[in-house]
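K.L.:
Structure for the following, please:
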Amino acid sequence: MYAIPLGDDAELRPLEPWHAEEFLAHLERGRDFIGQFIGFGSKAVDVPSAREVLQRYADMRAADTASHHGIWLDGRLVGGVLTLNFDAETGNAEVGCWLEPAATGRGLITRAMRVLIDWVVEERGIHRIEWVAASGNVPSLNVARRLGMTRDGVRRQAHPYGGVRHDLEVWSILAPEWREARARAEQNDQ
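P.N.:
Below is the predicted model of the structure:
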């Protein structure tokens, strides 16, 4: 399949049902950290249920409504990026991410998300990319900022999770804005 280098011995690869054991081990290393604001992976408690989670995403990819990609660092799964609510007909998609604590602070999510957003904009023709995160999830909101997204607003107390109603911030970037941000980033890299 594909393995896209992200630098620093990291790569972006497909995350598929046959990765269930590795996915479960990754979730166990980061379950409390990942689960602070989202329930991602919470239903994966053993290998069969981890396979079910990955199969659900594989089925959504086949239906062209989502995609799921793992981030490997030094050959070990440490996180990932995904699309949700993917609608090629309307040109809208949501993106998201997760990462275990040992892999934070390296820019992996930002680099992987740049690859993913390039793909949804340039290959799939998506016009509006949305990022939704709990207001308390500062690292996630910082990624949206680094990607050049604009804060559209706050859906107050919209996300009941962990016995608390969290505000959700909605950020977005449009395809022309993404291309401009990417061109600026490329100029800064030169």
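K.L.:
What segments of the protein are helices?
P.N.:
Per DSSP state H, the chain has helices spanning 20-34, 47-62, 108-118, 138-146, 175-189. These are given in chain order.
K.L.:
Would you format these as TSV with mean pLDDT and mean neighbour count included?
P.N.:
Using the backbone N, CA and C atoms, a C-beta is placed for each residue, glycine as well. Shown next, in TSV, are these (pLDDT from 0 to 100; neighbours: other CB atoms under 10 Å):
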stretch	mean pLDDT	mean neighbour count
helix 20-34	94	18
helix 47-62	96	16
helix 108-118	96	21
helix 138-146	95	17
helix 175-189	86	13
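K.L.:
Looking at those, which is nearest to Gly163?
P.N.:
With CB to CB as the criterion, Gly163 lies closest to helix 20-34 of these, at 15.3 Å.
K.L.:
correct me, but Gly70 touches Gly80?
P.N.:
Yes. Counting by CB atoms under 8 Å, Gly70 does reach Gly80; the two are 4.6 Å apart.
K.L.:
what sits in contact with each of those two?
P.N.:
Leu15 (CB atoms under 8 Å, 6 or more residues apart in numbering).
K.L.:
Looking at the two, which one has more neighbours?
P.N.:
Ranked by neighbour count (other CB atoms under 10 Å), Gly70 and Gly80 place Gly80 first, with 26 against 22.
K.L.:
That one contacts Val95, doesn't it?
P.N.:
No. Assessed by CB under 8 Å, Gly80 is found out of contact with Val95, at 11.2 Å.
K.L.:
shouldn't Trp178 be in contact with Arg128?
P.N.:
No. Trp178 is beyond contact range of Arg128, at 9.9 Å (criterion: CB under 8 Å).
K.L.:
List the residues that contact the residue lying closest to Gly7 once chain neighbours are set aside.
P.N.:
Closest residue in space to Gly7, ignoring its immediate chain neighbours: Arg111 at 6.6 Å, by CB to CB, 6 or more residues apart in numbering. Listed by CB under 8 Å, 6+ apart, the contact set of Arg111 reads 6-7, 10.
K.L.:
just Thr110 next, same as before
P.N.:
Contacts of Thr110 (CB under 8 Å, 6+ apart): 143, 146-147.
K.L.:
what's the neighbour count on Gly91?
P.N.:
16.
K.L.:
Skipping adjacent residues, who's closest to it in space?
P.N.:
His127 (3.7 Å).
K.L.:
residues touching the one you found, list them.
P.N.:
His127 makes contact with 91-92, 121, 174-175, according to CB under 8 Å, 6+ apart.
K.L.:
again, 10 Å this time
P.N.:
The contact partners of His127, taken as CB atoms under 10 Å, 6 or more residues apart in numbering, are 90-93, 120-121, 174-176, 178.
K.L.:
which of those residues lies closest to Asn137?
P.N.:
Distance to Asn137, by CB to CB, is smallest for Ala93 among those, at 19.7 Å.
K.L.:
Return the distance of stretch 114-130 from the chain's centre.
P.N.:
13 Å (CA atoms, centre = their mean, to the nearest Å).
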